[in-house]
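*Asks:* For reference, the sequence and a predicted model appear below.
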Amino acid sequence: MNTRHTVVDTSLGPITVVATREAITGLYFRSHVRRPAQDTFGPEVLAPTDALLNRAAEQLTAYLAGDRAEFDLPLSLEGDTFQRAVWDCVASIPHGETTTYGRIAEQLGDRSLAYRVGQAVGANPLCIIVPCHRVVGAKGALTGYAGGLRRKQTLLELESAEVSAARLF
């Protein structure tokens, strides 16, 4: 499968970027909730020695510096049909904007699916690239993020996104 990874030192701490063949398949913080086992990432390579991982590292660094608003990378997300539908909705949230779990559930046709939407958002293997940090609680409050709420707040502030004054820390 040619799975490999690199670790990018960022302003949010080290981020592991995983690729399989010619697509990015994972982006994880060290303390990431639901982080897969390290041995599933394949060998570690230096980003400059791998064109795809280098491109991902450069785009991630530029995004976190405020010099890039979107990513232009081949992606491969493994998940069930519902998760993939949620991740498609999340991927369509514009830079600098937020939405709620309930609104995504409504987009999928049933507001009562909000809890399942939250579970799918939490299982997103490509945080930042598929911008799950742009999904907030019903009244705009910061809620769950696999990389931690401080990182979520930092990402939203980077994008100048509107969030509720109700901080959870």
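*Replies:* Cool, got the structure.

*Asks:* where does the chain have low pLDDT?
*Replies:* Applying pLDDT under 70 to the chain picks out residues 1, 161-169.

*Asks:* center of it, which residue is that?
*Replies:* Cys127 (1.1 Å; Cα atoms, centre = their mean).

*Asks:* how about the helices in this structure?
*Replies:* In the chain, the helices defined using DSSP state H lie at 51-64, 81-91, 101-107, 114-122, 149-158.

*Asks:* Using TSV, please lay out these together with distance to Asp39.
*Replies:* Glycine gets a C-beta too; all of them are placed from N, C-alpha and C. What follows is the helices of the chain, written out as TSV (distance: least, Cβ to Cβ, whole Å):
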stretch	distance to Asp39
helix 51-64	18
helix 81-91	23
helix 101-107	32
helix 114-122	22
helix 149-158	25
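
*Asks:* Could I get those helices in JSON lines, plus columns for distance to Leu75 and mean neighbour count?
*Replies:* Output for the helices of the chain, formatted as JSON lines (distance: least, Cβ to Cβ, whole Å; neighbours: other Cβ atoms under 10 Å):
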{"stretch": "helix 51-64", "distance to Leu75": "10", "mean neighbour count": "18"}
{"stretch": "helix 81-91", "distance to Leu75": "9", "mean neighbour count": "18"}
{"stretch": "helix 101-107", "distance to Leu75": "19", "mean neighbour count": "20"}
{"stretch": "helix 114-122", "distance to Leu75": "16", "mean neighbour count": "19"}
{"stretch": "helix 149-158", "distance to Leu75": "18", "mean neighbour count": "18"}
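
*Asks:* Ok, which of the ones you listed comes nearest Arg34?
*Replies:* Of all those, helix 114-122 sits nearest to Arg34, with 6.7 Å by Cβ to Cβ.
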